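Visitor: When you get a sec, could you give me coordinates for this:
(chains A and B)
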Amino acid sequence: MIANVKQWKIPAMMVLAPFGMLAAEALSAIGPAKAQGATRQQLAHAAHTLRAADSAHLRYLSASGSLLYEEGRASGTLPGNMRVHFDVGATFSGSFTIYTRGGTITGHGTATPHGAGVYESFAGSLVVTHGSGRYTHAQGRAGLYGTFDRNNYALVVQTTGTLRY
Amino acid sequence: MLLMVVMLCACLPAAAQGTSSASLGAKFIPEQLGRRTTLEFSFSFSAAAGQVPPPLTQIELRYPDNLGLGLSGLGLATCTSATLEASGPSGCPPNSVMGYGQALTGIVLGATPITESAPITILRSPDVDGHLAVLFSSEGTAPVDTRIVFPGLLLPASAPFGGLVSVGVPLVPTLPGAPYISVIWLHATLGPRKVTYDEEVNGRTLAYTPKGILLPNSCPRGGFPFAAQFDFFDGSLSNARTAMRCPGHG
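Guide: A predicted model of the protein is given here:
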């Protein structure tokens, strides 16, 4: 399972609790000229912009080499279950999928670990690349912060950013 | 007599230090895919008869991708170079030790090569510019009583490598006018072998062995690749590569 992730070459870290602060601010971000030429469906796809701040607590499922597979609950603007593959290398890199009620949100990210000790903090960024269901056209970026427990490999992740779908 | 030797050395340093070729060795202990392991690596430098290699100034060791160093449970504490220089490895937290080794160094005094074996301890140190940092401590006793501390950084590396350890090796003077110490070979381990950590459980301190480097469940094509570049004081470079054959499953 983890070997597959490797092939993705995911750079970065992980998890993104989906986007954190999705504080929900639905903006109609499409300009009038563009909107006139767009279909109703296209408008729907671009009509939502969420500013989000979320967090996730992930537990270790399996590992192979430096690749970890984890799963857990994300809470915040886009609550759901999250699955993450990530590479604990000189930098952290990985991919994630959040399973929400309305569909999935998928992306990847990278982060730089800091400090020593059982709990290692990290900071970086993530990109949402696609989704399914309500989030089929999901795209976005977010800051990525958290801690990694080097004893049991548990991750706590916080994200703050913007999601368009 | 000593003065004569020193003068002779000062006159003939170039003749005593020849160009060098390097070899690199690496193996996992135990060798089982999907299991925890200790990485053992070694360098050696050849020189013409009666000579020693030029003094080493820099090592870059590239290690394979997907090697679970970050999941090894090693380096849970840090030690500073100031502590190491003042007290040696025994002054550092036990949970900062990441491995042990041995180095053989030498100089040529007159026409006589003199060698010295010194134990090495590898310890985690505070991060530098966001990179995981380590310290190498080497303590020789005879014929030269010296303690050397030198730093290393874990840096990203391009495929097929997962990262590299960049180590700056200091020049170690010997006698006035004599050449700097040369490294002839070095063996070291990175992993839980012979390493003991402490943890607090219900107010009691218990000893345990760290988990160790996690090997992947599958082997890279061609084995696990390692590569090293060595920079010498005379400006020369030497490169060495090796690939560890694929071990079986645990």
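
Visitor: For chain A, which segments count as strands?
Guide: A:49-64, A:67-75, A:80-88, A:92-100, A:103-114, A:119-131, A:139-149, A:155-164 (DSSP state E).

Visitor: closest one to B:Ala227 among those strands?
Guide: strand A:80-88 (20.1 Å; Cβ to Cβ). The way it works is simple: take the backbone N, C-alpha and C, and place the C-beta from them, glycine included.

Visitor: partners of that closest one, with directions?
Guide: strand A:67-75 (antiparallel), strand A:92-100 (antiparallel) (DSSP bridges).

Visitor: what's the offset of the last one from the middle of its chain?
Guide: Put plainly, it is strand A:92-100. On the basis of Cα atoms, centre = their mean, to the nearest Å, strand A:92-100 is displaced by 5 Å from the centre of the chain it belongs to.

Visitor: how many other residues sit next to residue 86?
Guide: Unless you meant another one, I'm taking chain A. Neighbour count for A:Phe86, taken as other Cβ atoms under 10 Å in any protein chain shown: 30.

Visitor: actually it's chain B I care about, not the one you picked
Guide: Look at B:Ala86: counted by other Cβ under 10 Å, it has 11 neighbours.

Visitor: Once you drop chain neighbours, what's closest to B:Lys205?
Guide: Lys isn't right for residue B:205; it's Thr. Leaving aside its chain neighbours, B:Thr205 sits nearest to B:Asp198 (5.2 Å; criterion: Cβ to Cβ, 6 or more residues apart in numbering or on different chains).

Visitor: State the three-state secondary structure for that neighbour.
Guide: Following DSSP: H, G, I helix; E, B strand; the rest coil, we place B:Asp198 in the strand state.

Visitor: Now do it against B:Gly91, distance only.
Guide: As judged by Cβ to Cβ, to the nearest Å, B:Asp198 and B:Gly91 stand 15 Å apart.

Visitor: Likewise for B:Gly70?
Guide: Distance, B:Gly70 to B:Gly91, by Cβ to Cβ: 26 Å.

Visitor: So which of these two has more stuff around it?
Guide: Just comparing B:Gly70 and B:Gly91: by other Cβ under 10 Å the higher neighbour count belongs to B:Gly70, 27 against 13.

Visitor: Please tell me I have it right and the more buried one contacts A:Gly89.
Guide: Yes - counting by Cβ atoms under 8 Å, B:Gly70 does reach A:Gly89; the two are 6.5 Å apart.

Visitor: Next one, pLDDT for B:Ser21 please.
Guide: As predicted, B:Ser21 sits at a pLDDT of 88.

Visitor: Equivalent analysis for A:Thr49, please.
Guide: 91.
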